[in-house]
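Engineer: fold the following.
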Amino acid sequence: MQLKPLARSLAVALSIAVIAGCSSTGGTQDGDSYGSQDGRDGSASSTSGTGTSGQYSSTTSGADRGQQADSRIPDVKTIYFDYDRDTIKGEYESVVMAHARYLRSNPNANVVLHGHTDERGTREYNMALGERRANAVARFLNIQGVSSSQMSVVSYGEERPAERGSSEAAYSQNRRVVFNY
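Structural biologist: Down below sits the predicted model:
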């Protein structure tokens with residue numbers, strides 16, 4: 001039947017529309033804006049040496065690249081979050097989509113989503129926030145057609161910082177979800 005591909009396409013389009021509609025333009029409930037005074041938003045770039053758009057190192061082009069790329073784990077395995085937020089930033093949607101494509105095309109692959117926070121807040125709050133961040137990524141992947149049985153969530157809260165220190169630069173490196181295959 002033709003209904004299943006149509007339903008899948010409709011689900012993908014709807015999920016993208018919902019995510020776009022829910023995306024934040026910055027700021028907190030009390031009116032503070034995200035980022036520093038020099039115009040940077042404080043979010044960290046990937047530490048793997050590739051940008052968020054350079055997810056694959058393949059030099060092939062066109063449809064071959066799409067099929068070949070789906071068979072390899074994406075290079076970017078960490079996405080970052082704003083302070084005290086569990087919503088996926090628009091700049092990382094392409095990263096999560098690449099992981100969704102990989103997991104859909106490799107149904108035997110499994111991923112553990114590690115949720116992390118910076119040190120601000122109580123231990124209990126940070127454990128819950130890390131879990132909410134990892135669950136947000138899991139929900140996004142599930143909407144994109146990834147089986148729930150391929151994913152598991154672990155929250156480390158503030159317990160495993162990527163960067164030690166009490167600066168915004170260190171904090172922004174620690175507010176993350178890591179894809180662990």
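Engineer: CA atoms for contacts and neighbours, from now on please.
Structural biologist: Fine.
Engineer: shaky segments in the protein?
Structural biologist: Residue ranges of the chain with pLDDT under 70: 1-69.
Engineer: now do the helices in it.
Structural biologist: Secondary structure of the chain, counting by DSSP state H: helices at 3-22, 62-70, 93-105, 123-143, 168-174.
Engineer: now do the same end-to-end measure for stretch 81-96.
Structural biologist: Start to finish, the residues bounding stretch 81-96 are 13 Å apart (Cα to Cα, to the nearest Å).
Engineer: now do the buried residues in stretch 144-157.
Structural biologist: Under the neighbour-count criterion of 16 or more other Cα atoms under 10 Å, stretch 144-157 has 144, 145, 146, 147, 150, 151, 153, 154, 155, 156, 157 buried.
Engineer: as a markdown table, those residues with distance to residue 164 would be great.
Structural biologist: Formatted as a markdown table, the buried residues of stretch 144-157 follow (distance: Cα to Cα, whole Å):
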| residue | distance to residue 164 |
| --- | --- |
| 144 | 35 |
| 145 | 37 |
| 146 | 34 |
| 147 | 35 |
| 150 | 32 |
| 151 | 29 |
| 153 | 24 |
| 154 | 21 |
| 155 | 18 |
| 156 | 15 |
| 157 | 14 |
